[in-house]
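1. Predicted model follows, preceded by the sequence.
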Amino acid sequence: MLAPTTRPIACIPAAPRTIILLAVVASVLSLAAPAAAGPRAAAALALCARADALTGDAREAILDRALATAERAVEANDADADAHFAVFCALGKQLRDEGFALTAFAKLRRARAAVDRALALNPDHVPALVGKGAALIETPAIAGGNAERGRELLRRALELDPENMAAHLYLAQADGGRPLAVAHSGP
């Protein structure tokens, strides 16, 4: 089993059921940064995780700090997949808080670029696989969502970390909320 994973995020919740699922996922995942994360990336991921316990201005401020810290981590080491994932984490949570609006497209592009860079640096980065998979499932198709590609990424994350609860929950949600034994069993 791999080390505990950081919390993935979904960029744009599609329905109240999604918001409930995100709360469940947030409660079951570890807050620890990946063991290989540089100190700035680890700090940014910790701030991103702490934001889940906050609301309003306090949450907004800590996500701004998480993003600034993550961006400094990327500047310090562009080859740090965890730093790019931290940018994705902060931007994604900001997008989730702000909701879907035309002004969100620039931030959505930045979040996608960050998670894509994390996966280019480390194709087996489980938190990035889960985060991108969940984002592709929950982002409307008109904004670049792709549910089937999202499922593929979640399945890959489960190959690497079969006990990753977030990947299981997002995959179950993508399959209509059915239990995994029913959703993925043969005929």
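-> Received the coordinates, thanks.
2. Where do the helices of the protein begin and end?
-> With DSSP state H as the criterion, the chain has helices at 16-28, 39-50, 56-76, 81-98, 104-121, 126-138, 147-160, 165-174, 180-183.
3. which of those is buried the deepest?
-> Mean neighbour count, computed with mean count of other Cβ atoms under 10 Å, is highest for helix 126-138 among these, reaching a mean of 28. All C-beta atoms are positioned from the backbone trio N, CA, C, and that covers glycine.
4. about what we covered before: now the helices of the chain as JSON lines including mean pLDDT?
-> Formatted as JSON lines, these follow (pLDDT from 0 to 100):
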{"stretch": "helix 16-28", "mean pLDDT": "37"}
{"stretch": "helix 39-50", "mean pLDDT": "95"}
{"stretch": "helix 56-76", "mean pLDDT": "97"}
{"stretch": "helix 81-98", "mean pLDDT": "93"}
{"stretch": "helix 104-121", "mean pLDDT": "92"}
{"stretch": "helix 126-138", "mean pLDDT": "93"}
{"stretch": "helix 147-160", "mean pLDDT": "96"}
{"stretch": "helix 165-174", "mean pLDDT": "92"}
{"stretch": "helix 180-183", "mean pLDDT": "38"}
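5. How about the contacts made by the residue nearest to Arg149 when sequence neighbours are not counted?
-> The shortest distance from Arg149 to any residue that is not its chain neighbour, by Cβ to Cβ, 6 or more residues apart in numbering, is 5.3 Å, and that residue is Leu136. Contact criterion Cβ atoms under 8 Å, 6 or more residues apart in numbering gives Gly144, Gly145, Asn146, Ala147, Arg149, Gly150, Leu153 as the residues in contact with Leu136.
6. If anything else comes up later, I'll come back, but that's it for now.
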